[in-house]
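A.B. asks: Compute the structure for the input listed below.
(chains A and B)
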Amino acid sequence: GQQVQQSPASLVLQEGENAELQCNFSTSLNSMQWFYQRPEGSLVSLFYNPSGTKQSGRLTSTTVIKERRSSLHISSSQITDSGTYLCAMEPGTGYQNFYFGKGTSLTVIP
Amino acid sequence: EAAVTQSPRNKVAVTGGKVTLSCNQTNNHNNMYWYRQDTGHGLRLIHYSYGAGSTEKGDIPDGYKASRPSQENFSLILELATPSQTSVYFCASGADWGGAIYTGQLYFGEGSKLTVL
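C.D. replies: The predicted structure follows:
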């Protein structure tokens, strides 16, 4: 199956610190997405980012397809950023199916 | 705002019983998916569909059936539930590549927690 590796597995930040989350893919990809999973379990799409850099507020996603990697940068972290961040890749086999990493669990403390 | 609704949100079933998880989307998306999420495994694809009447096997289809009777509805069926199917199940929808409403994004429901005793 498709291999999606996320690092780190968990991260604890003090409020105001920055974070860099990584996602690496073992196969070629057509596109990828970043999701945020709230502590109660619901999933929210953060970025659909097939290539290049996208920014939304304090979040920046950078995908380099030929290097099979993507990163999510969180600046000036807030307590409400706590939760799990998931990346997912679409391998471009002709079907729009996404394969997920196991996630990075982020805890932001005061 | 894209909307995907799952029911039931919580379900307790007995081993050997039949369970049906339902999903409804109002996004007019052709593609719908069922994933399960387990600690240590992340989200894994069970079944997916490209439109009414179609169902396809994902990575872990054993023990599951799917049904797509209409554009809006996609069900996951466990004919003979087992304790190993205790999990949180997510339904998602997405538009076709290059279609008029394509954004590349997947939209998820709130999840259905299933416990099989």
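A.B. asks: Residue A:79 against residue A:106, yeah?
C.D. replies: No. At 10.6 Å, residue A:79 and residue A:106 do not qualify as touching, with contact defined as C-beta atoms under 8 Å. To be clear about C-beta, it is placed using only N, CA and C from the backbone, and glycine gets the same treatment.
A.B. asks: So these two - more neighbours on which side?
C.D. replies: Taking neighbours as other C-beta atoms under 10 Å in any protein chain shown, residue A:79 and residue A:106 compare with residue A:106 leading, 20 against 11.
A.B. asks: low-scoring stretches of chain B, by residue?
C.D. replies: For chain B, applying pLDDT under 70 flags the ranges B:1-2, B:96-104.
A.B. asks: For chain B, which segments count as strands?
C.D. replies: Assigned by DSSP state E, chain B shows strands spanning B:4-7, B:10-13, B:19-25, B:31-38, B:42-49, B:56-57, B:65-67, B:73-78, B:87-94, B:107-108, B:112-116.
A.B. asks: Could you export these as CSV, including distance to chain A?
C.D. replies: Below are the strands of chain B laid out as CSV (distance: least, C-beta to the nearest C-beta, whole Å):
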stretch, distance to chain A
strand B:4-7, 10
strand B:10-13, 11
strand B:19-25, 14
strand B:31-38, 6
strand B:42-49, 4
strand B:56-57, 8
strand B:65-67, 14
strand B:73-78, 14
strand B:87-94, 6
strand B:107-108, 4
strand B:112-116, 8
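A.B. asks: how about JSON lines for these, with mean neighbour count added?
C.D. replies: Output for these, formatted as JSON lines (neighbours: other C-beta atoms under 10 Å in any protein chain shown):
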{"stretch": "strand B:4-7", "mean neighbour count": "18"}
{"stretch": "strand B:10-13", "mean neighbour count": "15"}
{"stretch": "strand B:19-25", "mean neighbour count": "20"}
{"stretch": "strand B:31-38", "mean neighbour count": "24"}
{"stretch": "strand B:42-49", "mean neighbour count": "22"}
{"stretch": "strand B:56-57", "mean neighbour count": "14"}
{"stretch": "strand B:65-67", "mean neighbour count": "18"}
{"stretch": "strand B:73-78", "mean neighbour count": "20"}
{"stretch": "strand B:87-94", "mean neighbour count": "24"}
{"stretch": "strand B:107-108", "mean neighbour count": "22"}
{"stretch": "strand B:112-116", "mean neighbour count": "18"}
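A.B. asks: Mind putting those strands into a markdown table with distance to residue A:50?
C.D. replies: Formatted as a markdown table, those follow (distance: least, C-beta to C-beta, whole Å):
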| stretch | distance to residue A:50 |
| --- | --- |
| strand B:4-7 | 22 |
| strand B:10-13 | 36 |
| strand B:19-25 | 23 |
| strand B:31-38 | 17 |
| strand B:42-49 | 20 |
| strand B:56-57 | 23 |
| strand B:65-67 | 28 |
| strand B:73-78 | 25 |
| strand B:87-94 | 14 |
| strand B:107-108 | 17 |
| strand B:112-116 | 30 |
